[in-house]
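A.B. asks: got a structure for you, letters missing:
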């Protein structure tokens, strides 16, 4: 009887490893919002990491998060590093592409709680008298990331934060546009 318990546990572990390994490697999360402001106004709020304090949803999760800035004040080469609580972790963002009023591409490096690298993009498209702002993130999952995704819905978790951040970005950009 006791002989079967270790075999059953081994079979369960092997099945779990196989299931995790078969999960998609690539992921992409994307959210959009309409902003009643010109693309240049919305772009300016994202292109300078110092402006993120007003709308970054993770800063609201951990108001005591420590942030440092390196490189130029805005645009390509600007760097923002953070160290926060268990919910926001530790990492660094570097703007790698900045096309005025059109696109910002950011290299995201996560150090804690899980090491990973991803790419975030913000696009700004004029639509009538408004701007369609889209925030997306794409990357590849490690084995641990795939395991995490079995139990947590990353699109809901991260996408929900994107929704909050975009709503705050909209409020800031529309307030700036009317000033």
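C.D. replies: On my side now, so go ahead. None of the values given here were measured: they were computed from a predicted structure.

A.B. asks: which residues does residue 104 contact?
C.D. replies: Going by Cβ atoms under 8 Å, 6 or more residues apart in numbering, residue 104 touches 43, 46, 47, 95, 97, 98, 121, 122. (Each C-beta comes from the backbone N, C-alpha and C, glycine too.)

A.B. asks: ok, those vs residue 4, which is closest?
C.D. replies: In terms of Cβ to Cβ, no member of the contacts of residue 104 lies closer to residue 4 than residue 121, at 52.0 Å.

A.B. asks: pretty sure that closest one is touching residue 106, no?
C.D. replies: Yes. If you go by Cβ atoms under 8 Å, residue 121 and residue 106 touch, sitting 7.3 Å apart.

A.B. asks: who has more neighbours, the two?
C.D. replies: residue 106 (21 against 15; other Cβ atoms under 10 Å).

A.B. asks: return the residues in contact with the residue nearest to the spatial centre of the chain.
C.D. replies: Per Cα atoms, centre = their mean, the C-alpha nearest to the average position across the chain is that of residue 137, at 5.5 Å. By Cβ under 8 Å, 6+ apart, the contact list for residue 137 reads 28, 29, 30, 108, 118, 119, 120, 121, 158, 162.

A.B. asks: which residue is the nearest non-sequential neighbour of residue 101?
C.D. replies: In space, and not counting its chain neighbours, residue 101 is closest to residue 39: 4.0 Å by Cβ to Cβ, 6 or more residues apart in numbering.

A.B. asks: give the contact list for residue 143.
C.D. replies: Counting by Cβ under 8 Å, 6+ apart, residue 143 touches 20, 21.

A.B. asks: for residue 26, give its distance to residue 146.
C.D. replies: Residue 26 is 11 Å from residue 146, where distance means Cβ to Cβ, to the nearest Å.

A.B. asks: and the two? Which one has more around it.
C.D. replies: residue 146 (18 against 8).

A.B. asks: ok, the more buried one - contacts?
C.D. replies: Going by Cβ under 8 Å, 6+ apart, the list of residues near residue 146 reads 20, 21, 23, 24, 25.

A.B. asks: nothing else from me, thank you.
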